[in-house]
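Enquirer: Give me a 3D structure for the following:
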Amino acid sequence: MKLPLQITFRHMEPSEALETNIREHAENLDKFAENIMSCRVVVESPHQHKNQGNLFRIGIDITVPGHEITVNRGRDLRQAHEDPYVAVRDAFNAAQRQLQDLTRMRRDEVKSHEAPDHGRVTVLSPEENYGRIESFDGRDIYFHRNSVLDNKYDSLEIGSEVRFHEEMGDKGPQASSVKLIGKHHVVA
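Expert: Below is the predicted model:
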């Protein structure tokens, strides 16, 4: 961490043992993200209950280049957070997951969904139940009547725009999941 860890206790006396526990958790965050610039932790005991133990809220604010991660644990005042060490552990686990997600996103490990291919129908052979699509990049792709979604094969015409998924067939590329595109579509 570039800036020193900041720990604040609200509505309670500071605890050296709890502060040491927080520092250990904060040091472990460096394993999950590089370049953590700062980390601020607030430990709060907002309610003083006589019949029930004090419930703790933990807030963590972590700054990394271009992002800020915020965790607030204990807002729902679950019974598990009667123990401040459990509340700290849960809050740092949540912060760790957010840092891991951010690191994966930065490394482009987040799944991306490719848009289906686009093309125009160039050949229709209703008596033989097939057709051909010319993709927008110029490839000629075969499709069968059964590949057309929503039973729209009979609605296809030469020049109809379609979306499709390409796969390799026995005799070359073929389209599966062929979908007729309406007049008002967005080309990705």
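
Enquirer: where's R120 relative to N93, distance?
Expert: 52 Å (C-beta to C-beta, to the nearest Å). Where C-beta positions appear, they are placed from N, C-alpha and C, glycine not excepted.

Enquirer: what's around E128, how many residues?
Expert: By other C-beta atoms under 10 Å, the residues close to E128 number 9.

Enquirer: Now do the SS call for it.
Expert: coil (DSSP: H, G, I helix; E, B strand; the rest coil).

Enquirer: got a list of what it touches?
Expert: Going by C-beta atoms under 8 Å, 6 or more residues apart in numbering, E128 touches no other residue.

Enquirer: any weak-confidence spans in the protein?
Expert: Flagging of the chain using pLDDT under 70 yields the residue ranges 47-53, 73-81, 109-115, 182-188.

Enquirer: Need the contact partners of the longest helix belonging to it.
Expert: The helix spanning the most residues in the chain, taking DSSP state H as the definition, is helix 84-106. If you take C-beta under 8 Å, 6+ apart as the criterion, helix 84-106 is touched by 15, 18, 21-22, 25-26, 28-29, 32-34, 41, 43, 45, 56-60, 62, 64, 67, 69, 71-74, 80-81, 110.

Enquirer: residues in contact with the residue nearest to G131 when sequence neighbours are not counted?
Expert: Leaving aside its sequence neighbours, G131 sits nearest to L124 (C-beta to C-beta, 6 or more residues apart in numbering; 4.6 Å). Neighbour list for L124: 131, 156-158 [criterion: C-beta under 8 Å, 6+ apart].

Enquirer: Mark which of those are buried, thanks.
Expert: When the contacts of L124 are checked for burial by 16 or more other C-beta atoms under 10 Å, the buried set is 131, 156.

Enquirer: Determine which two of the contacts of L124 are furthest apart.
Expert: Spatially, the most separated pair among these is G131 and E157, at 10.2 Å (C-beta to C-beta).

Enquirer: which residues are in contact with both of the two?
Expert: By the contact definition C-beta under 8 Å, 6+ apart, G131 and E157 are jointly contacted by 121, 124.

Enquirer: picking up where we left off before, okay, buried residues for the longest helix of the chain please.
Expert: Within helix 84-106, the residues scored as buried using 16+ other C-beta under 10 Å are 84, 86-92, 94-96, 98-99, 102.

Enquirer: mind giving me TSV with those residues and columns for distance to T8?
Expert: Listed next are the buried residues of helix 84-106 as TSV, based on distance: C-beta to C-beta, whole Å:
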residue	distance to T8
P84	14
V86	19
A87	15
V88	13
R89	18
D90	18
A91	14
F92	16
A94	18
A95	16
Q96	21
Q98	20
L99	21
L102	24
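
Enquirer: those strands in the chain, which residues are they?
Expert: 6-10, 38-47, 55-64, 67-73, 117-125, 130-135, 140-144, 161-169, 172-180 (DSSP state E).
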